[in-house]
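Undergrad: sequence first, predicted coordinates after that:
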Amino acid sequence: MLTADIATKRGNHKAALPAYRQAWDKAPSDQIGMKLYSSMRENGEPDATFAGFFDDWAEKIPGQLGTMTRAGHDLENGDLSRAQSSYQALVAVNPNNAIAYNNLAWTYGEDALTESLKASQRAYDLAPQSGEILDTYGWFLYKSGDIKKGL
């Protein structure tokens, strides 16, 4: 892990990736999972590699961080159906996860305003001071016709 961290700090992402993979294979943890994921992104790994890694992470370390990371990856890459399933699973386990509710709203999008508004309002209720969450909630209020409250 130290070798990978040093390589990353030096901007040598090609050297960091195999070192993080070795650390992951030896002693997987959420911390290494996050660093390996970041290194994979820096190195432009193909989507199939990410899917296998996320499956491995879920098997080795069941929990919310791996699922949250996968959901974010899927949302960012336009796989809204998969991201939606992950965020729904996250809020089922932890109904106080404001970020999961916020991102779930985006997976529903403007075509499902009722669901988007419910999810974004739940996020707002949990974290009313978060700029990211205020932005999402305001947008879906605006799109649903409540322009004054959205603004």
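TA: Everything's here; your move. Numbers count the residues shown, from 1 in each chain.

Undergrad: burial count for residue 93?
TA: 12 (other CB atoms under 10 Å). Backbone N, C-alpha and C define where each C-beta goes, glycine included.

Undergrad: next one: residue 41
TA: Residues near residue 41, counting by other CB under 10 Å: 13.

Undergrad: measure it to residue 8 for me?
TA: Note on residue 41: its distance to residue 8, by CB to CB, to the nearest Å, is 12 Å.

Undergrad: how about residue 67?
TA: Distance, residue 67 to residue 8, by CB to CB: 24 Å.

Undergrad: repeat for residue 98
TA: Between residue 98 and residue 8 the computed distance is 30 Å (CB to CB).

Undergrad: quick one, strands of this structure?
TA: Here the chain has no strands by DSSP state E.

Undergrad: how is it carved up into domains?
TA: 1-62, 80-151 (automatic domain parsing).

Undergrad: as JSON lines, the ones you listed with distance to residue 72 and mean pLDDT would be great.
TA: Below are these laid out as JSON lines (distance: least, CB to CB, whole Å; pLDDT from 0 to 100):
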{"stretch": "domain 1-62", "distance to residue 72": "10", "mean pLDDT": "94"}
{"stretch": "domain 80-151", "distance to residue 72": "7", "mean pLDDT": "96"}
